[in-house]
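Novice: Show me how the following folds:
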Amino acid sequence: MTLLAPARHSVRIALGTTLVAITFLAAPAAADDFGKFLDRAKKEMLKDQLSPQHLDRLSAQHNLGETHPVKTQDGWTLVAHRFRPKGAPKPGADPVILCHGLGYNALFWNLNPACSLPDYLTSNGYDVWVVDLRGCGSSQKWVWKLDDTPSLIVGSAIRNLSGGKVAPTGYATIDPKYANWSLDHHIYFDVPAFVNLVKRKTGAQNVTWIGHSMGGIVALGHLGRFPNPGIGRLVTIGSQVTMPDGQIIVQFAREMLKVRELQVAGGITGKQLADASKTSVDNLFFNERNSPPDVYTALSSWAKDVPSAGLMKQYMSLAETGELIDSRRQFNYAKSLGKITIPVLITCGAVDQLAPPTVQQFLYNNIGSTDKTVVIFGRQSGFAVDSGHNDSVVGNNSKAQVYPVIERWMSGARKTAAR
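Specialist: Numbering: from 1, shown residues only. Below you'll find the model as predicted:
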């Protein structure tokens, strides 16, 4: 099994090679205006290496799928990664959106071939779109500083050459207005942007939304507050809008807030950032014995994005009040579940410490749909192991036992497990 290397590592190699070439060619052109020189360089040298075709080759090399940027109504650029069906498309199947949870990005779903839900679904004929929420992965995010000025220039050149297509480095920016956001921004803007993108690209009337942790929360929040943008079915995995015992998330939120403050102040970069965000609280996200070692290592270190302060403060509010409310404390998402009427599959691991079976029961009891099912991934329900928060979908037995349950439900099979 080969762990997917961080995309930014290969990008640095590619950009490094390009910058060396630029430096080599720059000497005889020292008297030229640098802007004119860079323009020539883009046409003569970068055009081939950084062309849209080359960007697609990079994406294929690192199993990132086809990259599709989309603008939200509030001006952020988000990125979705498309994985087309392998073989014949499944008749009548809606395209599928996979949305990551708090602190992760699109890489969450595809770190290891042994537990890749995109691979499983595309092998069964589904058109799969794996998304990066704002501030995560390839989508627009604030960074303290770029590696160096030439990287910024070349990054811009890549986007110009590709006609606006997302560069492999993503939409990193040093503009501070992109340094903060809340859960409400995901709910208000990111969800409809992705749904409308997939509908527009595929011609489908509806999509199936599969969200892990916060990835399910944002869909629940949107469906409970706004008109449905086109989600035909919803699968939540370890998601919640209530939190009876919030001490775990309070500890996690405090640690992440500290890391974010250091990041914003420019006092932490690179490996330090990964080390600072890998603490004992991360073990609460896993049944470690049910996790491939490389996936556990990745999700505890480099395959993470530090949440914004606004996002973590809203999670702390959830932990303190026991119910999810908006950042202005004017709307209660937990009390709006009755407005959700589409088919919903509610799931979690039996030993999920962040969104345990008790909060899944709340979702089941309060969601307004007449077509709803709850499944707990644990021995009592017939599974081989009691799964935790993350390893329910990226664990050792996910492909053999969890994915088939999700796919059968998506196909129309309805069977309610023990609640």
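Novice: hey, let's count contacts and neighbours off CA atoms from now on
Specialist: Fine.
Novice: can you give me phi and psi for residue 128?
Specialist: phi -110, psi 130 (degrees, to the nearest 10).
Novice: Could you pull up the residues touching it?
Specialist: Each residue near residue 128 by Cα atoms under 8 Å, 6 or more residues apart in numbering is listed here: 82-85, 95-98, 118, 121-122.
Novice: Show me which pair in the residues you listed is furthest apart.
Specialist: Largest separation among those by Cα to Cα: 85 and 98, giving 14.6 Å.
Novice: Pick out whichever of those two has more residues nearby.
Specialist: Counted by other Cα atoms under 10 Å, residue 85 and residue 98 do not tie: residue 98 has more neighbours, with 24 against 20.
Novice: pLDDT score assigned to that one?
Specialist: Looking at residue 98, its pLDDT reads 98.
Novice: Check for me that it belongs to a strand.
Specialist: Yes. The assignment for residue 98, made by DSSP: H, G, I helix; E, B strand; the rest coil, places it in a strand.
Novice: That one touches residue 207, doesn't it?
Specialist: No. Taking contacts as Cα atoms under 8 Å, residue 98 lies outside contact range of residue 207: 10.5 Å.
Novice: what touches both of those two?
Specialist: Common neighbours of residue 98 and residue 207 (Cα under 8 Å, 6+ apart) do not exist.
Novice: any idea of the pLDDT on residue 257?
Specialist: 67.
Novice: can you check the one 4 residues further on too?
Specialist: The predicted local distance difference test score for residue 261 is 63.
Novice: Residue 175 now?
Specialist: Reported pLDDT for residue 175: 82.
Novice: what number of residues lie near it?
Specialist: 12.
Novice: wouldn't it be in contact with residue 140 here?
Specialist: No. Contact criterion Cα under 8 Å: residue 175 and residue 140 do not qualify, at 10.5 Å.
Novice: If you count contacts, what does the strand or helix carrying residue 319 end up packed against?
Specialist: Per DSSP states H and E: residue 319 is located in helix 309-321. Under the contact criterion of 3 or more Cα pairs under 8 Å, 6 or more residues apart in numbering; DSSP states H and E, helix 309-321 touches helix 183-185, helix 247-264.
Novice: Show the low-confidence segments of the chain, by residue range.
Specialist: Filtered on pLDDT under 70, the chain yields the residue ranges 1-63, 144-170, 246-283, 302, 413-419.
Novice: Break down it into its strands, ranges please.
Specialist: Counting by DSSP state E, the chain has strands at residues 66-71, 77-83, 96-99, 128-132, 141-142, 172-173, 207-212, 231-237, 344-349, 372-377.
Novice: still on that earlier bit, nearest to residue 311 among the contacts of residue 128?
Specialist: Out of the contacts of residue 128, the member with the shortest distance to residue 311 (by Cα to Cα) is residue 98, at 20.2 Å.
Novice: Please give me every residue in contact with the closest one.
Specialist: Contacts of residue 98 (Cα under 8 Å, 6+ apart): 109, 128-131, 209-211, 215.
Novice: again with residue 176
Specialist: residue 142.
Novice: how much space between it and residue 141?
Specialist: Separation of residue 176 from residue 141 (Cα to Cα, to the nearest Å) stands at 10 Å.
Novice: swap in residue 321?
Specialist: For residue 321, the distance to residue 141 - Cα to Cα - is 29 Å.
Novice: More neighbours: which of the two?
Specialist: More crowded of residue 321 and residue 141, by other Cα under 10 Å: residue 141, with 25 against 15.
Novice: Surely the more buried one is in contact with residue 173?
Specialist: Yes. Residue 141 lies in contact with residue 173 (Cα under 8 Å); the separation is 6.1 Å.
Novice: distance of the residue nearest to residue 295 when sequence neighbours are not counted from residue 128?
Specialist: Once flanking residues are discounted, residue 295 sits nearest to residue 111: 6.3 Å by Cα to Cα, 6 or more residues apart in numbering. For residue 111, the distance to residue 128 equals 16 Å [Cα to Cα].
Novice: what do you get for residue 380?
Specialist: In terms of Cα to Cα, residue 380 sits 31 Å off from residue 128.
Novice: go on, residue 328?
Specialist: 34 Å.
Novice: do the same with residue 321
Specialist: 36 Å.
Novice: what do you get for residue 363?
Specialist: 26 Å.
Novice: quick revisit: verify the contact between the residue nearest to residue 295 and residue 293 for me.
Specialist: No. In this structure residue 111 lies outside contact range of residue 293 using Cα under 8 Å: 11.1 Å.
Novice: Of those two, which one has the most company?
Specialist: A count of neighbours by other Cα under 10 Å puts residue 111 above the other of residue 111 and residue 293, at 25 against 12.
Novice: how much space between the more buried one and residue 129?
Specialist: Taking Cα to Cα, one finds residue 111 at 16 Å from residue 129.
Novice: do the same with residue 361
Specialist: 29 Å.
Novice: Which one of the two is surrounded by more residues?
Specialist: The neighbour comparison of residue 361 against residue 129 (other Cα under 10 Å) goes to residue 129, with 29 against 15.
Novice: From the contacts of residue 98, list just the buried residues.
Specialist: 109, 128-131, 209-211, 215 (16 or more other Cα atoms under 10 Å).
Novice: got those as CSV, with distance to residue 311 columns?
Specialist: Below are these laid out as CSV (distance: Cα to Cα, whole Å):
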residue, distance to residue 311
109, 22
128, 27
129, 24
130, 21
131, 18
209, 21
210, 21
211, 17
215, 13
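Novice: Show me which pair in the residues you listed is furthest apart.
Specialist: Taking Cα to Cα, no two of the buried ones among the contacts of residue 98 sit farther apart than 128 and 215, at 15.2 Å.
Novice: Contacts only, for residue 197.
Specialist: residue 70.
Novice: Quick check: the gap between it and residue 328.
Specialist: In terms of Cα to Cα, residue 197 sits 29 Å off from residue 328.
Novice: Over to residue 141?
Specialist: With Cα to Cα as the criterion, residue 141 and residue 328 are 23 Å apart.
Novice: Then residue 238?
Specialist: Taking Cα to Cα, one finds residue 238 at 25 Å from residue 328.
Novice: In terms of neighbours, single out the busier of those two.
Specialist: Shown here are residue 238 and residue 328; by other Cα under 10 Å, residue 238 has more neighbours (32 against 8).
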